[in-house]
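Peer 1: sequence and computational prediction follow.
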Amino acid sequence: MPIPIAFIICTEPGRLEAQSLMLAESIRNFCGELKSTPIYSFHPRVGEPISKQTQQAFERLQVIHQQLPINQEFHEYYLANKPLVCAYAEQNIDAEILVFLDSDKCFFCEPKKFLLPENCNVRMRPEYGQGIGSTGLQDPQEWYWQKLYEILEVKREVFVETPIGNKRIRAYWNSGLIVVRRSAGIFTAWKKNFEKVMRLDITPPQGIYFVEQSVLSVTLCALEETVEHLPPNYSYPLPLHNRLSKELQIKDWDDITSIHYFNLFFYSDWNAQIKKLKKLNNNSNKYQWLCQQVIRLNMPRVSVLHRYMLVVRRMEQKLQSFNLDINLSGWIEKMAKL
């Protein structure tokens, strides 16, 4: 008899250890009737194992952790872990519903929408902004999507609306939270298509980074799956709060089911950054719990300068398209080390 639902995460040595621990703690504390759901953690590449301390904490939290060489061919591309782990889980975990979660998530309420109705095979959130997405035929990034549509044999066009800017773009969903019915075979199809695209060396204009996410989106179109959107309070993009459409901005922590915090807690000024989020009421026990966990797990490890460096590098990449090769970030990095 299969279990009703299982959570899937990836945990590798370093920053993911603290993130996965906080995610597991939040599930066990705040997920109501789903708080005892099995959590399967995978370390899918060859290398040093996670720390003994993390392993012991996983045991306390009843997280089933395995280091398996699932990602060998694309070892250098860590985001390949997602489709490869998901397909492995789909083939080896006897659950009716599988939920893949990026480790930079945290729950504050029972995610009842994870329990898929009979006529639904997948629930996700649309990608937050356009990113590498395409608005259609006139978009400079359209060629990439048309190439994927051709290779993966998409016959039906689907569009979604982005939470930032309300842009209508070709179906592009965020792969950090994926709820699927295991019997639909979505994760296995994702892996197959991902491997095909990677071997053909087809990448978005900005580089390899979002291949797995765009391929998942096109896979869902090729399968002609009707993707139901989880409500905006699921995987709420906390650092992007001020940029979201006003009707999607959440004002109270108690109204959030789960957050997606990206690199927020990686930097020493994380608390100050949260306080800059407009009209978000921080007088909540859940917010206080979050702060305590970030400190307890020693999550902030990098100076704020690193974040600014990333902004400068993104600007440099854009200037390169105009044949302007400026290495300001390298100069700043060199000076900072003096």
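Peer 2: Happy to help now that I have it. This is a predicted model, so every value here is computed, not measured. Residues are numbered from 1 along each chain as shown.

Peer 1: next up, the contacts around Ala95.
Peer 2: Ala95 makes contacts with Pro2, Ile3, Pro4, Ile5, Ala6, Pro38, Arg182, as judged by C-beta atoms under 8 Å, 6 or more residues apart in numbering. Every C-beta, even on glycine, is put in place using the N, C-alpha and C of the backbone.

Peer 1: who does it form a beta bridge with?
Peer 2: Judged by DSSP bridges, the bridge partners of Ala95 are Ile3.

Peer 1: from Glu157, how far out is it?
Peer 2: Note on Ala95: its distance to Glu157, by C-beta to C-beta, to the nearest Å, is 32 Å.

Peer 1: next one: Asn281
Peer 2: 41 Å.

Peer 1: do the same with Tyr78
Peer 2: Per C-beta to C-beta, Tyr78 is found 31 Å from Glu157.

Peer 1: so between the two, which is more surrounded?
Peer 2: Taking neighbours as other C-beta atoms under 10 Å, Tyr78 and Glu157 compare with Tyr78 leading, 14 against 11.

Peer 1: can you give me phi and psi for the residue nearest the centre of the chain?
Peer 2: In the chain, the centroid-proximal residue (C-alpha atoms, centre = their mean) is Gly176; its distance is 2.4 Å. Per-residue torsions, Gly176: phi -80, psi -10 (degrees, to the nearest 10).

Peer 1: contact partners for it?
Peer 2: Gly176 is in contact with Leu101, Asp102, Asp104, Lys105, Ser235, His260, counting by C-beta under 8 Å, 6+ apart.

Peer 1: and Asn193, by the same measure?
Peer 2: By C-beta under 8 Å, 6+ apart, Asn193 lies in contact with Leu152, Val215, Val218, Thr219, Ala222.

Peer 1: doesn't Val154 fall inside a helix?
Peer 2: No: using DSSP: H, G, I helix; E, B strand; the rest coil, the secondary structure at Val154 is coil, not a helix.

Peer 1: rewinding a little: distance check, the residue nearest to the centre of the chain against Phe7.
Peer 2: Separation of Gly176 from Phe7 (C-beta to C-beta): 13 Å.

Peer 1: overlap in contacts of the two?
Peer 2: Residues touching both Gly176 and Phe7 by C-beta under 8 Å, 6+ apart: Leu101.

Peer 1: quick check: the farthest pair among the contacts of Asn193?
Peer 2: Using C-beta to C-beta, the pair of the contacts of Asn193 lying farthest apart is Val215 and Ala222, separated by 9.9 Å.

Peer 1: the two: who's more crowded?
Peer 2: For Val215 versus Ala222, neighbours defined as other C-beta under 10 Å are more numerous around Val215 (27 against 19).

Peer 1: how close does Val154 get to Asp201?
Peer 2: Relative to Asp201, Val154 is positioned 20 Å away (C-beta to C-beta).

Peer 1: more crowded one of the two?
Peer 2: Just comparing Val154 and Asp201: by other C-beta under 10 Å the higher neighbour count belongs to Val154, 21 against 7.

Peer 1: got the contact list for the more buried one?
Peer 2: So Val154 contacts Leu148, Val218, Cys221, Ala222 (C-beta under 8 Å, 6+ apart).

Peer 1: and for Ile256?
Peer 2: Phe108, Cys109, Asn233, Tyr236, Ile250, Lys286.
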